[in-house]
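**Q** The sequence isn't on hand, but the structure is:
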């Protein structure tokens with residue numbers, strides 16, 4: 001989280017410098033840094049909420065619920 005906050009702060013500094021100096025390239029650089037922060041945050045959310053992080057009991061319950069929902073009656 002500290003890295004994400006630092007990236008957003010850096011992006012805001014770049015964008016402020018862009019408006020002060022009237023330079024479009026600094027604005028683009030700020031947008032790129034901000035998008036990197038969003039990408040990093042997305043990867044962190046996906047990683048921390050993945051099924052692999054669940055304990056064995058929770059994973060077994062998820063598999064049992066998924067199996068019950070997919071079962072079809074035999075003809």
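**A** Perfect, thanks for sending it. Given the structure is predicted, the values throughout are model-derived calculations rather than measurements.

**Q** Let me know the average pLDDT across the helix or strand hosting residue 40.
**A** In this assignment (DSSP states H and E), residue 40 forms part of helix 24-48. For helix 24-48, mean pLDDT rounds to 91.

**Q** And residue 12, which helix or strand is it part of?
**A** helix 2-21.

**Q** Which pLDDT value goes with residue 3?
**A** pLDDT, residue 3: 90.

**Q** and what of residue 17?
**A** On the pLDDT scale, residue 17 is placed at 92.

**Q** contacting residues for it?
**A** Taking CB atoms under 8 Å, 6 or more residues apart in numbering, we find residue 17 in contact with 23, 26. Glycine gets a C-beta too; all of them are placed from N, C-alpha and C.

**Q** Same check on residue 3?
**A** Counted by CB under 8 Å, 6+ apart, residue 3 has contacts residue 40.

**Q** Residue 41 now?
**A** residue 4.

**Q** I figured residue 15 was touching residue 28, is that so?
**A** No. Between residue 15 and residue 28 there is no contact under CB atoms under 8 Å: 9.8 Å.

**Q** Name the residue in the two with the higher neighbour count.
**A** The neighbour comparison of residue 15 against residue 28 (other CB atoms under 10 Å) goes to residue 15, with 18 against 13.

**Q** Skipping adjacent residues, who's closest to the more buried one in space?
**A** Nearest residue to residue 15, sequence neighbours excluded (CB to CB, 6 or more residues apart in numbering): residue 30, at 3.9 Å.

**Q** Could you report the neighbour count for that neighbour?
**A** 21.

**Q** Run through the residues that contact it.
**A** When contacts are counted by CB under 8 Å, 6+ apart, residue 30 touches 11-15, 18.

**Q** Between those, which sits nearest residue 34?
**A** For these, the closest approach to residue 34 (CB to CB) belongs to residue 11, at 4.0 Å.

**Q** now the closest one: how far from residue 21?
**A** 16 Å (CB to CB, to the nearest Å).
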